[in-house]
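Colleague: build the 3D model from these lines:
(one chain, ligands or ions: 2)
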Amino acid sequence: MSEKLIAPSVLASDFGNLQRDVEMLNNSEADWLHIDIMDGVFVPNISFGMPVLKAISKHATKTIDVHLMIVDPDRYIKEFAQLGADILTVHYEACTHLHRTLQAIKTEGMKAGVAINPHTNVDLLKDVIKDIDLVCLMSVNPGFGGQSFIENTYSKVKQLKEIINSNNASTLIEIDGGVTDANAKQLTQAGADVLVAGSFVFKAEDQPATISKLKQLANS
Ligand code: DX5
Ligand code: ZN
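Modeller: Numbers count the residues shown, from 1 in each chain. Ligands and ions are numbered 1, 2, ... in the order given. Predicted coordinates for the structure are as follows:
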């Protein structure tokens, strides 16, 4: 079985000490940096945009995993590639022509991800699964860090894994929201490949040790 990955969410970092926190992640067992971009329209919150991503990219040495919670993401695909995004994830609910959007992301040399809200059925991805490098299953309603994990996510992981396997696809499953040491192991056992963790990592006293703990649980 391939290694399970940990993607700390920079949304929960200390923005006043962003370089310090990015360097902490560089020196930790984190695999990816998860970057949450919110527009105040698709979700009821605004996080940060291009200048902040640029500052993060400048210091980051790991894979940059950008999660766009914005309407009409096609407008910015090129710019995110230029800013250093390795993976660009758009929301299923925000794309009228998802297949076209996925191709546009790949044309810019990035991996293409699709995020789905807790109410969105995984079956809706069947016809494009082979075009998707990563499915981000939202295990909270997007917009805020620090929310409680929605338990129904386990069954969604299993259903999605079946779709991936039956289509011979190599799509990764990422879980985003409310990930802690209490659910990490169960999530990867159900079939998840990447765990995003924001507040659980950044609220911890020893952040690198917390990342290591999640990594160990995810791979146990
Ligand atoms: C929520 C974001 C998440 C968030 C996760 O809209 O997409 O990535 O930062 O934060 P925690 O781990 O605190 O739920
Ligand atoms: Zn996210």
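Colleague: residues from this protein in reach of ligand 2?
Modeller: 36, 67, 176 (Cβ under 5 Å from the ion). All C-beta spots, glycine's among them, are computed from the backbone N, C-alpha and C.
Colleague: can you redo those residues as a markdown table with secondary structure and distance to residue 121?
Modeller: Formatted as a markdown table, these follow (DSSP: H, G, I helix; E, B strand; the rest coil; distance: Cβ to Cβ, whole Å):
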| residue | secondary structure | distance to residue 121 |
| --- | --- | --- |
| 36 | strand | 23 |
| 67 | strand | 20 |
| 176 | strand | 17 |
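Colleague: make CSV from those and add pLDDT, distance to ligand 1 and neighbour count to it.
Modeller: Formatted as CSV, these follow (pLDDT from 0 to 100; distance: Cβ to the nearest ligand atom, whole Å; neighbours: other Cβ atoms under 10 Å):
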residue, pLDDT, distance to ligand 1, neighbour count
36, 98, 5, 25
67, 99, 5, 27
176, 99, 5, 25
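Colleague: wait, what's in contact with the closest residue to residue 217 other than its chain neighbours?
Modeller: Leaving aside its chain neighbours, residue 217 sits nearest to residue 184 (4.2 Å; criterion: Cβ to Cβ, 6 or more residues apart in numbering). The contact partners of residue 184, taken as Cβ atoms under 8 Å, 6 or more residues apart in numbering, are 195, 214, 217-218.
Colleague: go on, residue 174?
Modeller: Shown in contact with residue 174 (Cβ under 8 Å, 6+ apart): 7, 65, 89, 113, 134-137, 192-196.
Colleague: residue 78 versus that one, what's the distance?
Modeller: 23 Å (Cβ to Cβ, to the nearest Å).
Colleague: going by neighbour count, which residues in stretch 105-117 are buried?
Modeller: Applying a neighbour-count criterion of 16 or more other Cβ atoms under 10 Å, one finds 105, 110-117 buried in stretch 105-117.
Colleague: check which helices and strands the longest helix belonging to the chain is in contact with.
Modeller: The longest helix of the chain (DSSP state H) is helix 153-166. Helix 153-166 sits against strand 134-138, strand 172-176, helix 184-190, with contacts defined as 3 or more Cβ pairs under 8 Å, 6 or more residues apart in numbering; DSSP states H and E.
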